[in-house]
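>>> everything below, folded, please.
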Amino acid sequence: MSESNEADLVQMVVDEDTCIGGGVCEMLEAETFLLDDDTVIATVIGTGRLPLARAEILVDRCPGRAISFTDIEPAGEGVGESK
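Here you go, the predicted model:
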């Protein structure tokens with residue numbers, strides 16, 4: 001497996017109100033998603049970062065359409081800064 005460039009990575013997000021607990025995300029990316037045993041809702045774990053191509057596959061395969069992703073802000077941007 002080839003290493004991804006930081007620019008190719010995106011931040012995964014789960015909409016907990018939309019998640020139906022199908023577990024496909026955890027099955028495909030166990031190091032990025034965890035299905036809670038009590039709530040049966042997926043959450044993002046670890047860094048939550050995946051290569052864009054892999055993220056698109058997860059979004060497409062989520063049966064509840066609860067998974068999305070956002071761009072990762074470069075260091076030095078974000079809180080307290082405006083563009």
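
>>> looks like residue 18 contacts residue 42 (just checking).
No. With contact defined as CB atoms under 8 Å, residue 18 does not reach residue 42; the gap is 10.2 Å. C-beta coordinates here come from the backbone N, C-alpha and C atoms, glycine included.

>>> list residues touching both of the two?
residue 66 (CB atoms under 8 Å, 6 or more residues apart in numbering).

>>> of the two, which one has the most company?
residue 42 (27 against 13; other CB atoms under 10 Å).

>>> can I assume the more buried one is in contact with residue 27?
No. When contacts are counted by CB under 8 Å, residue 42 is not listed as touching residue 27 (10.6 Å).

>>> in this protein, which spans are strands?
9-14, 33-35, 42-44, 49-51, 67-71 (DSSP state E).

>>> average model confidence for the second one?
Mean pLDDT, taken over the full extent of strand 33-35, equals 97.

>>> how many residues are close by residue 31?
11.

>>> what sits closest to it if chain neighbours are left out?
residue 46 (5.7 Å; CB to CB, 6 or more residues apart in numbering).

>>> would you mind measuring from the one you found to residue 29?
10 Å (CB to CB, to the nearest Å).

>>> more crowded one of the two?
Each of residue 46 and residue 29 has its neighbours counted (other CB under 10 Å); residue 29 has more, 20 against 12.

>>> OK, contacts around that one?
Counting by CB under 8 Å, 6+ apart, residue 29 makes contact with 50, 54, 58.

>>> between the residues you listed, which sits nearest residue 33?
Nearest to residue 33, judged by CB to CB, of those is residue 58 at 8.1 Å.

>>> my read: that closest one touches residue 67, true?
Yes. The criterion here is CB under 8 Å, and residue 58 meets it with residue 67 at 5.4 Å.

>>> between these two, what contacts are shared?
Common neighbours of residue 58 and residue 67 (CB under 8 Å, 6+ apart) are 12, 25.
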